[in-house]
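> here you go, sequence then predicted model.
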Amino acid sequence: MDSKCCELLAEKYETRWGQLEMSNRNSMGIVKLNNGICMPKEGYGVFQIKDLDICERCVLDAMDAGYRLFDTAAAYLNEEAVGRAIQKSISAGMIKREELFITTKIWIQDYGTQNTRRAFRESMERLGLSYLDLLLLHQPFGNWQEAWRTLESLYLEGKVRAIGVSNFTISKLGELLTQAKIKPMINQIELHPFYLQEEALAQMRRFQIQPEAWGPLCEGQKGIFTNPLLRSIGEKYGKTAAQVSLRWNIQRGVVVIPKSVHRDRMVENIDVWNFTLSQQDMLAIAALDVGCSEIIDFESPATERLLLRWKLHE
Ligand code: NDP
């Protein structure tokens with residue numbers, strides 16, 4: 001499919017998204033990516049939900065709670081469960097395919113022209129989808145250059161509506177930008193009140209690459225849910241520390257994809273569209289920054305060695 005066809009496809013989707021936005025289903029914000037595609041500003045992530053039945057139930061619960069963006073990856077080993085939930089909800093008339101925004105990611109082991117194509121095909125089979133909304137390179141290691149060229153081809157063929165990367169540091173994203181024929185639409189990186197990554201965000205802003213936060217709740221670490229500052233700010237708005245953390249990222253232009261296996265927390269995490277943090281609160285939260293990740297260091301050769309060793313299949 002040539003780029004003109006891709007534009008036509010994008011227009012078709014935009015019309016549907018436009019209608020959805022007008023119907024204001026859950027008053028959740030929508031962001032326009034650099035190729036004109038619309039994406040919900042909040043979604044639901046399924047990392048570490050390994051049990052397929054639990055994962056399927058969680059995705060159905062999350063849809064019911066109002067989430068429309070779902071973030072999985074070949075490496076999470078639960079694409080099949082996400083796919084089952086999508087098929088069930090569509091068959092039950094709960095949702096239409098075009099209302100959903102589905103993301104998956106290619107693992108390092110599958111980087112390379114033929115490998116990436118095969119991995120994409122297998123992900124699509126597990127998800128039971130005929131097109132994907134967003135395809136990401138999961139990590140900036142291995143032969144990501146060749147894998148990126150394959151993502152560009154899949155995009156031009158109309159198989160994916162948007163392509164992007166994940167965990168690309170400033171230097172890796174810079175390197176990609178010097179080679180890419182198509183600019184990534186997304187970079188999904190760790191972003192939460194303890195790790196701001198302001199310089200990375202500035203770079204993405206400059207190149208119109210949408211930042212998306214993984215671990216927006218710091219994976220539940222560093223006492224985020226009982227942090228005195230986040231709690232006291234929350235009290236002013238009748239919100240929890242989790243809601244304040246998510247809203248803070250949203251207000252600085254970041255898409256968030258919190259994960260919870262608990263229905264009440266899913267509802268809590270999406271109930272962030274009826275308040276606005278003041279500039280003063282935004283600045284106070286930013287002062288929580290510790291300036292580095294305490295989860296994983298993408299600049300470290302040890303991280304690269306560890307992730308290169310992680311195999312999904314023979
Ligand atoms: P999150 O920051 O979303 O935190 C999830 C943790 O917080 C879980 O332990 C969850 O527990 C708990 N939690 C969630 N909501 C609440 C709440 N309201 N109150 C109290 N506890 C809560 O971490 P994730 O790592 O899951 O990040 C989100 C998503 O980002 C992932 O699911 C995945 O899709 C993506 N991701 C991408 C990565 C990448 O390399 N590209 C890396 C990591 C994540 P419980 O489930 O028990 O409620």
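Arrived safely.

> C-alpha only now, for contacts and for neighbours.
Will do.

> distance of the residue of the chain positioned farthest from its centre relative to Asp281?
Of all residues in the chain, the one whose C-alpha sits farthest from the chain's mean C-alpha position, using C-alpha atoms, centre = their mean, is Lys236 at 29.2 Å. The span separating Lys236 from Asp281 equals 10 Å under the rule C-alpha to C-alpha, to the nearest Å.

> kindly check the end-to-end length of stretch 59-73 for me.
First-to-last distance for stretch 59-73 - C-alpha to C-alpha - comes to 14 Å.

> give the rounded mean pLDDT of that stretch.
Across stretch 59-73, the average pLDDT comes to 97.

> would that stretch count as contacting the ligand?
Yes. Under the criterion of C-alpha under 6 Å from any ligand atom, stretch 59-73 makes contact with the ligand via 71-72.

> near the ligand, which residues of the chain are found?
Applying the criterion C-alpha under 6 Å from any ligand atom, the portion of the chain that neighbours the ligand consists of 45-47, 71-72, 138, 166, 188, 214-220, 242, 257-262, 265, 268-269.

> which of those are buried?
With burial judged by 16 or more other C-alpha atoms under 10 Å, the buried subset of the residues of the chain next to the ligand is 45-47, 71-72, 138, 166, 188, 214-218, 242, 257-261, 265, 269.

> so which of the residues of the chain next to the ligand are in strands?
Among the residues of the chain next to the ligand, the members falling in strands (DSSP state E) are 45, 71, 166, 188, 214.

> tell me who's in contact with the first one.
Under the criterion of C-alpha atoms under 8 Å, 6 or more residues apart in numbering, the contact list for Gly45 reads 70-72, 257-259.

> one more: the third one?
Neighbouring residues of Ser166 by C-alpha under 8 Å, 6+ apart: 136-140, 186-189.

> dig out what it forms beta bridges with.
Beta-bridge partners of Ser166, counted by DSSP bridges, are Gln188.

> got a pLDDT number for it?
Here, the pLDDT recorded for Ser166 equals 98.

> hmm, back to that, and the gap between the residue farthest from the centre of the chain and Pro228?
Taking C-alpha to C-alpha, one finds Lys236 at 13 Å from Pro228.

> kindly report the same for Glu219.
When C-alpha to C-alpha is the yardstick, Glu219 and Pro228 sit 18 Å from each other.

> look up how far Met185 lies from Ala286.
Using C-alpha to C-alpha, we find Ala286 at a distance of 25 Å from Met185.

> again with Thr303
The gap separating Thr303 from Met185 is 25 Å, by C-alpha to C-alpha.

> which of the two has more neighbours?
For Thr303 versus Met185, neighbours defined as other C-alpha atoms under 10 Å are more numerous around Met185 (24 against 14).

> Thr72 contacts Phe101, doesn't it?
No. The criterion here is C-alpha atoms under 8 Å, and Thr72 misses it with Phe101 at 11.2 Å.

> and the furthest pair within the contacts of Gly45?
Spatial extent of those (C-alpha to C-alpha) is set by the pair Thr72 and Pro258 at 11.9 Å.

> please name the bridge partners of Ile102.
Listed by DSSP bridges, the beta-bridge partners for Ile102 are Phe70.

> and it, what does it touch?
Under the contact definition (C-alpha under 8 Å, 6+ apart), the residues listed for Ile102 are 69-72, 132-134.

> swap the cut-off to 6 Å and go again
Ile102 makes contacts with 69-70, 133, as judged by C-alpha atoms under 6 Å, 6 or more residues apart in numbering.

> ranges for the strands of this structure?
Secondary structure of the chain (DSSP E): strands at 30-32, 38-40, 43-45, 69-71, 101-106, 132-137, 160-166, 186-190, 210-214, 255-256.

> closest one to Asp297 among the ones you listed?
Judging the strands of the chain by C-alpha to C-alpha, what sits closest to Asp297 is strand 186-190, at 10.2 Å.

> that closest one vs strand 160-166, what angle?
Taking axes from the mean of the first three to the mean of the last three C-alpha atoms, to 10 degrees, one finds strand 186-190 and strand 160-166 inclined to each other by 40 degrees.

> distance from the chain centre to strand 186-190, please.
7 Å (C-alpha atoms, centre = their mean, to the nearest Å).

> highest mean neighbour count out of the strands of the chain?
Mean neighbour count (mean count of other C-alpha atoms under 10 Å) peaks for strand 255-256 among the strands of the chain, with a mean of 28.

> which residues are in contact with that strand?
Outside of strand 255-256, the residues that reach it under the criterion C-alpha under 6 Å, 6+ apart are 41-42, 212-213.

> which one of those is nearest to Pro193?
When these are ranked by distance to Pro193 (C-alpha to C-alpha), Ala213 comes first, at 10.9 Å.

> tell me the contacts of the closest one?
Contact analysis of Ala213 by C-alpha under 6 Å, 6+ apart lists 188-191, 256.

> understood, closing this out.
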